[in-house]
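**Q** Got a sequence here, can you model it:
(one chain, ligands or ions: 2)
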Amino acid sequence: MVLTLNPSMKKLVDSDTGTVSREIFWSKELYDQEMEQVFNRSWLFVGHVSQIPNPGDFVLSRMGEEGVIVSLDRQGKVCVSLNSCRHRGNRVCRYDEGNSFAHVCSFHGWTYDPSGALVALPFNEHGYDEMDMGKWGLKQARVELFHGSIWATWDKTAPSFHEYLGGADMYLASGLLHTDGSDNGSAVLGGVVKWRLGCNWKVPCPDTDTTHGWITHRSMALALGVGPTGNPVKPEIDRSQSVGQRRSRYTVSFPEGHTMGVTIPEMDDPSWAASGVWDDKPIIREYLREKFELRKEKLGLAAHLSVGPAIFPNEGWLGRVVRVMHPAGPAMTEIWTYFFVDQDAPTEVKDALASYYEHWYGPGGMTQQDDMENWYALTMASKGPVAQRLDLNYQMRISEPPIHGPSEFGLPGLFAHNYSDENHRRFYQRWAEVMQAKDWGEMAPTGSAALKPGATLFQGSGK
Ligand code: FES
Ligand SMILES: [Fe+2]
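**A** Ligands and ions are numbered 1, 2, ... in the order given. Take a look at the predicted model:
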């Protein structure tokens, strides 16, 4: 697969040699093509049902550069409407969240209900006699729910979201379940944390490269020894040895462009319990331990999986934190972060997790700052004409083809070594396919990483 940029026909992505042109992070022409080819056709994460529990509730979200209203209508249906008035194009809803059955445009007062239908028009009696109001509602996206998460696409011809996941459903589901393994028990904690960073949206997508952790986050993990509670924990100097002994970690990808790290522990406790990071907060430690026992009863082997799935194109998980990289120009990204907790967790647990999330994954968080510094610096160091002529290297373990999911685990996906660029190669190959495909027929991914029906450890599909 080679993607070229017309008219220069410069090679942009070469998955055979494992190289990528820096132009894909700066070119306005490519960026505009992405808005059409990638963001207008893909399934995109727009929120979670816990944000809109009651009829009339709404939150604003984004699909690509465009704003949408995610709302629950009177019948309890989740609707995603383009936040752009059908009269003269004004932004209809200006509140980040709220409850309303009438979204009144601030320009001339056209009024829409939560399903986007145009329900009131000032001066209608004399001004719009012939107009069919049914044709002038807010543009509606196709919507699908997946274990409480809300996904939307503008493309009527796109496959179902389940098909779009291509076998990655069980990994995505694992992040959305309650800690005890039950369904529909997760909720977004507080509001969505949003900030802007000067880099292309693809720079942090996918954030599943494990090699950077040892360098980028070294000071925090080793020198400071700071744990999730803010207090020092035992430096993880021995971790490199223990990885091989007690767990198997892989990079896992799908031809559909989804990528992740998957850890298969060979021990009874998940890594958070064994590492002692919550030892100075016994209430958290005991809560997680107790719920994990229930999770094991429900999910069996799958309870042990530690997964951070990144769903193509711009959604990714770090534990129970979801980050969405919204494009805001060729070299600007709006990062939206959702922190998930068990809806029924005790307040102390929620408070401690809120503090942990902020300290680690908020815009001032320790790991987040480390990453952002590099993402911004690489963007600026790739801007000039000399740098632009030098391709980027994604060649790590390119000669080792990924294997299909190890049958002994019964897991879907293409498994590669933990330290490998396979996930990035897969992501860019998919990006290149989508960028040049005319329709979904041409976009059919090469090969399948899905398991045969019935072979999964637990059913991942459904609401
Ligand atoms: S632009 Fe919305 S009512 Fe005129
Ligand atoms: Fe990182």
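**Q** Please make it C-alpha for all contacts and neighbour counts, starting now.
**A** Noted.
**Q** can you tell me the residue of the stretch 151-300 of the chain closest to ligand 1?
**A** W154 (21.6 Å; Cα to the nearest ligand atom).
**Q** so M325 is in which element?
**A** strand 321-327 (DSSP states H and E).
**Q** How far off centre is the next helix or strand after that strand?
**A** Read in the C-terminal direction, the helix or strand following strand 321-327 is strand 333-342, with elements assigned using DSSP H and E. Put simply, strand 333-342 sits 9 Å off its chain's centre (Cα atoms, centre = their mean, to the nearest Å).
**Q** Identify each buried residue in strand 333-342, please.
**A** 333-342 (16 or more other Cα atoms under 10 Å).
**Q** before we move on, what about stretch 190-199?
**A** 192, 197-199.
**Q** just the strands in the stretch 201-350 of the chain please.
**A** Assigned by DSSP state E, counting those that start in this stretch, the stretch 201-350 of the chain shows strands spanning 247-253, 259-265, 306-307, 310-311, 315-318, 321-327, 333-342.
**Q** wait, what's in contact with the residue lying closest to Y287 once chain neighbours are set aside?
**A** Distances taken as Cα to Cα, 6 or more residues apart in numbering place V349 nearest to Y287, at 7.8 Å, with adjacent residues excluded. By Cα atoms under 8 Å, 6 or more residues apart in numbering, the contact list for V349 reads 283-284, 287.
**Q** Can you tell me who L44 pairs with across the strands?
**A** Assessed by DSSP bridges, L44 has beta-bridge partners A152.
**Q** How confident was the prediction at it?
**A** Looking at L44, its pLDDT reads 98.
**Q** What count of nearby residues applies to K135?
**A** 11 (other Cα atoms under 10 Å).
**Q** From ligand 1, how far out is it?
**A** Noted for K135: a distance of 15 Å to ligand 1, by Cα to the nearest ligand atom, to the nearest Å.
**Q** could you check the distance from that residue over to H103?
**A** 17 Å (Cα to Cα, to the nearest Å).
**Q** repeat for L44
**A** In terms of Cα to Cα, L44 sits 24 Å off from H103.
**Q** Also A331?
**A** 33 Å.
**Q** what residues are up against F340?
**A** By Cα under 8 Å, 6+ apart, the neighbours of F340 are 186-189, 320-322.
**Q** coming back round to it: got the contact list for the strand holding M325?
**A** By Cα under 8 Å, 6+ apart, strand 321-327 touches 45, 62-65, 200-202, 204-205, 314-317, 333-340, 357, 361.
**Q** in this protein, which spans are helices?
**A** Under the criterion DSSP state H, helices of the chain are mapped to 28-34, 124-127, 161-165, 169-176, 211-216, 218, 239-246, 271-275, 282-299, 347-361, 366-380, 385-388, 422-436.
**Q** centre of the chain versus the third one, how much separation?
**A** In terms of Cα atoms, centre = their mean, the centre of helix 161-165 is set 14 Å apart from its chain centre.
**Q** swap in the last one?
**A** Between the centre of helix 422-436 and the centre of its host chain there is 16 Å, according to Cα atoms, centre = their mean.
**Q** Then the second one?
**A** Taking Cα atoms, centre = their mean, one finds the center of helix 124-127 at 46 Å from the center of the full chain.
**Q** circling back to that earlier point, among the helices of the chain, where is the model least confident on average?
**A** Minimum mean pLDDT among those: helix 239-246, a mean of 40.
**Q** Isn't D57 up against A102?
**A** No - the pair D57 and A102 does not pass the contact test of Cα atoms under 8 Å, sitting 11.0 Å apart.
**Q** shared neighbours of the two, anything?
**A** Joint contacts of D57 and A102 (Cα under 8 Å, 6+ apart) do not exist.
**Q** Let's have the contacts of V349 in a markdown table, adding distance to Y394.
**A** Shown next, in a markdown table, are the contacts of V349 (distance: Cα to Cα, whole Å):
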| residue | distance to Y394 |
| --- | --- |
| I283 | 43 |
| I284 | 40 |
| Y287 | 41 |
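**Q** buried subset of those residues?
**A** Counted by 16+ other Cα under 10 Å, the contacts of V349 give I284 as buried.
**Q** so which of the contacts of V349 would you say is closest to L12?
**A** Closest approach between the contacts of V349 and L12, by Cα to Cα: I284, at 47.5 Å.
**Q** sorry, back to before: save the buried residues of strand 333-342 as CSV, and put in distance to V277 too.
**A** Shown next, in CSV, are the buried residues of strand 333-342 (distance: Cα to Cα, whole Å):
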residue, distance to V277
T333, 32
E334, 31
I335, 27
W336, 26
T337, 23
Y338, 22
F339, 19
F340, 19
V341, 18
D342, 19
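**Q** Okay, and which of the buried residues of stretch 190-199 map to strands?
**A** L197 (DSSP state E).
**Q** Output the buried residues of stretch 190-199 in a markdown table, with pLDDT appended to each entry.
**A** Shown next, in a markdown table, are the buried residues of stretch 190-199 (pLDDT from 0 to 100):
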| residue | pLDDT |
| --- | --- |
| V192 | 96 |
| L197 | 97 |
| G198 | 98 |
| C199 | 98 |
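**Q** can you put the buried residues of stretch 190-199 in a markdown table and add distance to ligand 1?
**A** Below are those laid out as a markdown table (distance: Cα to the nearest ligand atom, whole Å):
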| residue | distance to ligand 1 |
| --- | --- |
| V192 | 27 |
| L197 | 31 |
| G198 | 32 |
| C199 | 33 |
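**Q** so what's D238 scoring on pLDDT?
**A** 42.
**Q** on that earlier part again, and which of the contacts of F340 is nearest to E125?
**A** V188 (43.9 Å).
**Q** Can you give me the neighbour number for the closest one?
**A** Neighbour tally, V188, other Cα under 10 Å: 21.
**Q** which residues touch it?
**A** By Cα under 8 Å, 6+ apart, the neighbours of V188 are 48, 50-51, 338-341.
**Q** any idea how far F25 lies from ligand 1?
**A** In terms of Cα to the nearest ligand atom, F25 sits 34 Å off from ligand 1.
**Q** And the pLDDT at that residue?
**A** At F25, pLDDT is 96.
**Q** Pretty sure it sits against P330.
**A** Yes - with contact defined as Cα under 8 Å, F25 and P330 form a contacting pair (6.4 Å).
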